[in-house]
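S.K.: Dropping a prediction and its sequence here:
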Amino acid sequence: MAVVTFSHRHLVILALASTVACGGHPGLPSPVSPDQTVEQFLVAANANDLEAMALLWGDEHGPSSVTNTIPIPERIQRLTIMQRLLHSDNHLITATNASDPSKRVITVALTQGTRRFAVPFTVVPTRAGGWLIREIGLEAAMPQPGSRN
C-alpha cells in the first residue's frame with residue numbers, strides 16, 4: 001500500500017485539474033447512433049438547454065463544450081441561434097444518407113405551427129465512440145419572406 005504525502009496530494013489534484021482544463025473531461029457519453037444524437041439535440045433545443053445541445057454538437061475530437069475549439073461567447077451565440085430556429089412543435093426523422101462511412105446526413109421534418117420544413121443534420125462519429133452533430137442546414141429552417149411565422 002502506497003503512502004501519499006501532502007505534496008503528492010497536490011500533484012494528484014494538479015494533474016486532475018490539468019486533465020479537465022485540457023479537454024479530458026468526458027462530459028456525457030455521445031449517443032451510440034446518429035438518430036439518437038439528432039433526437040437528443042432537438043429535445044434539448046425544445047427545452048432551451050444550450051448546455052445539452054453543446055454536448056451533442058462538435059466533431060470527431062468531441063463536443064464543442066469540451067474541446068473548446070470555439071470561444072465561449074461565440075459558441076453560446078451559435079447555439080442560441082440554432083435553438084431558436086429548430087424549436088418545434090414536433091419533428092420526425094424522414095431520411096438517412098449513409099453513403100459516406102465518415103458521416104451520416106439525417107433529414108428531419110420539423111413543424112412550427114402551420115409551417116413545415118426539412119433540415120439536414122450532418123452527424124460524425126467521434127474518436128471516443130458515439131456520434132455528434134457537425135453541421136446543420138439551418139437555411140432550411142429560416143422563415144421565408146412573406147411567411148407568417
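M.R.: Received, thanks.
S.K.: isn't residue 109 right up against residue 89?
M.R.: No. Assessed by C-beta atoms under 8 Å, residue 109 is found out of contact with residue 89, at 11.5 Å. No exception for glycine: its C-beta is placed from N, CA and C like everyone else's.
S.K.: So for the two, which residue has more residues nearby?
M.R.: residue 109 (15 against 12; other C-beta atoms under 10 Å).
S.K.: What does the pLDDT read for that one?
M.R.: Looking at residue 109, its pLDDT is 98.
S.K.: quick one: pLDDT of residue 12?
M.R.: pLDDT at residue 12 comes out at 35.
S.K.: if I pick residue 121, what's in contact with it?
M.R.: Taking C-beta atoms under 8 Å, 6 or more residues apart in numbering as the criterion, residue 121 is in contact with 38, 41, 105, 106, 107, 108, 133, 135, 136, 137.
S.K.: Can you select the buried ones among those residues for me in ChimeraX?
M.R.: In ChimeraX, a selection of the buried entries from those looks like this (16 or more other C-beta atoms under 10 Å):
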select :38,41,105,106,107,108,133,136
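S.K.: and residue 99, backbone torsions?
M.R.: Backbone dihedrals for residue 99, given as degrees, to the nearest 10, come out at phi -70, psi -20.
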